[in-house]
Structure formats: structure tokens, C-alpha cells
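J.: Mind looking at a prediction? Sequence and model below.
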Amino acid sequence: MTEKELEKKVWHQLGTIIDPELGIDIVSMGLIYQVSVTKKDHSWQISIEMTLTTVGCPLAGVIHAMIIQSISDIDPVTIKTDQIKINLVFDPPWTTAMMSQEARTKLEFLL
């Protein structure tokens, strides 16, 4: 598998992770800013830059664990959980404008 192929799979997996409060996936929510993948020896290093809807999000740990599990499920042999780094940033701050149109429509329906 190439770096580009794995990066595509990582984005796909992230798109399957549903925010527990809103019921919308974290990619459509606009929470994922960047994914980078590099191969080191016989394993992959995966770095994810993301944000949360609020600085004090009480589900931060839950979402973090869901990401680690989901990404390591792609290939447990070559993707080690200790090689998945999640960099949580709040600049730029998250706004609803970062959401996909479909996610904004769903959120408006929920509110």
C-alpha cells in the first residue's frame, strides 16, 4: 500500500466515526484539518490534526479513542496505535461553516 492509498483509507475511516452527541461523522463536521502518512521501517506513522466544537468538549477522550481504534483497524499489523498521533488544535476555531452542506442541513434539522 502506498502513502496516498493509506491516507485515503484513513480519511474514509475518519468519515465513519460518528460524533456521539450530534450523530454526524467527524469529517462532515469539519473537525479533521489534516492527515499525513509516512512509512517508517515496517510500520506507518499517521498524524491527524483536528479540532473539537468547543475547547472543553467532554467527549474529547471518547472521540480520541474512537479515532485510534478505527485507524488501527485498517491494518493492525502495520499500523500500531502508538504510531497514531492526534494533534488537537483550536486555531482556526471550529465554526459551523466548516461543516459539509449535508451536515449543516442535518444539524439544522436536529436543532
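T.: That came in fine, so what should we check first? Predicted model only: the values in this text are computed from it and were never measured.
J.: Now for the residue nearest the centre of the chain: which residues touch it?
T.: For the chain, Leu14 is the residue whose C-alpha lies nearest the centre (C-alpha atoms, centre = their mean; 4.5 Å). Going by C-beta atoms under 8 Å, 6 or more residues apart in numbering, Leu14 touches 25-27, 32, 35, 48, 67, 70-71. From N, CA and C alone the C-beta is placed, and that goes for glycine too.
J.: From these, which land in strands?
T.: Among these, the subset assigned to strands under DSSP state E consists of 32, 35, 48.
J.: Go ahead and measure how far the helix or strand of the chain with the lowest mean pLDDT is from the middle of the chain.
T.: Of all the helices and strands that make up the chain, helix 101-110 has the lowest average by mean pLDDT, DSSP states H and E, namely a mean of 81. Between the centre of helix 101-110 and the centre of its host chain there is 19 Å, according to C-alpha atoms, centre = their mean, to the nearest Å.
J.: try stretch 3-15
T.: When distances are taken as C-alpha atoms, centre = their mean, stretch 3-15 is centred 10 Å away from the chain's centroid.
J.: what is the mean pLDDT for it?
T.: The average of the pLDDT scores along stretch 3-15 is 96.
J.: Can you point out the buried residues in it?
T.: Of the residues in stretch 3-15, 6-7, 9-10, 13-14 count as buried by neighbour count, 16 or more other C-beta atoms under 10 Å.
J.: okay if I get these as CSV plus distance to Ala60 and secondary structure?
T.: What follows is those, written out as CSV (distance: C-beta to C-beta, whole Å; DSSP: H, G, I helix; E, B strand; the rest coil):
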residue, distance to Ala60, secondary structure
Leu6, 25, helix
Glu7, 24, helix
Lys9, 24, helix
Val10, 20, helix
Gln13, 19, helix
Leu14, 16, helix
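J.: which ones are touching Asp19?
T.: For Asp19, the contacting residues are 25-26, 29, 31, 59, 63, taking C-beta under 8 Å, 6+ apart as the criterion.
J.: Appreciated, that's everything.
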